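Peer 1: predicted structure and sequence below. I'll ask about it afterward.
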Amino acid sequence: MLQLSIVTPEGLKFSGDVNKVSMPAADGQIEIYAGHVPFMATSEPGMVSFTDLEGNEEFIIVDKGFIQIDSDIIKVLVEDAKVPSEINDKEIQTQIAIIEKDLAGKNTLEKDYILKDKQLKYFKALIEK
């Protein structure tokens, strides 16, 4: 079991016990499980997905920030974060446009392209829901 906290300058956005966390870091997507080695990294804008103790997958959209893992405690400190109920279609369309602009002309093998492409697929899937 992991303790996940997502904090913005406005305060605590999420705090809870989870089994797994997946999120974008500066060096690519990372997966965090119980017993992970202590770790610090910068996070990239995108989706933090996590599995709660009952096996349900949940997500929060985050801006850039920092990740700290110590024992089984994960702290994600970001400039902004939105839970699903705070995300509207206009914001999603804006994110899609930004990502598509970022991807234009990039090499498909670049790390940044791969991460942005995953984010683009995610936001397009949100529109379909």
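Peer 2: Looks like it arrived, so ask away.
Peer 1: please make it C-alpha for all contacts and neighbour counts, starting now.
Peer 2: Noted.
Peer 1: residue contacts, residue 77?
Peer 2: Residue 77 makes contact with 6-8, 65-67, according to C-alpha atoms under 8 Å, 6 or more residues apart in numbering.
Peer 1: ok, residue 37 - how many residues close by?
Peer 2: As a burial measure, residue 37 scores 12 neighbours (other C-alpha atoms under 10 Å).
Peer 1: and the gap between it and residue 102?
Peer 2: 33 Å (C-alpha to C-alpha, to the nearest Å).
Peer 1: same question, residue 27
Peer 2: 18 Å.
Peer 1: just say helix, strand or coil for the residue lying farthest from the centre of the chain.
Peer 2: What lies farthest from the middle of the chain is residue 105; by C-alpha atoms, centre = their mean that is 24.5 Å. Counting by DSSP: H, G, I helix; E, B strand; the rest coil, the backbone at residue 105 sits in coil.
Peer 1: ok, so what distance separates it from residue 116?
Peer 2: The spacing between residue 105 and residue 116, counted by C-alpha to C-alpha, is 13 Å.
Peer 1: again with residue 28
Peer 2: Per C-alpha to C-alpha, residue 28 is found 10 Å from residue 116.
Peer 1: neighbour-wise, which of those two wins?
Peer 2: Using other C-alpha under 10 Å, the more surrounded residue of residue 28 and residue 116 is residue 116, with 21 against 14.
Peer 1: counting contacts, what elements does the top helix by length along the chain pack onto?
Peer 2: Using DSSP state H, we find that the single longest helix of the chain is helix 111-128. On a contact count with 3 or more C-alpha pairs under 8 Å, 6 or more residues apart in numbering; DSSP states H and E, helix 111-128 meets strand 28-33, helix 89-103.
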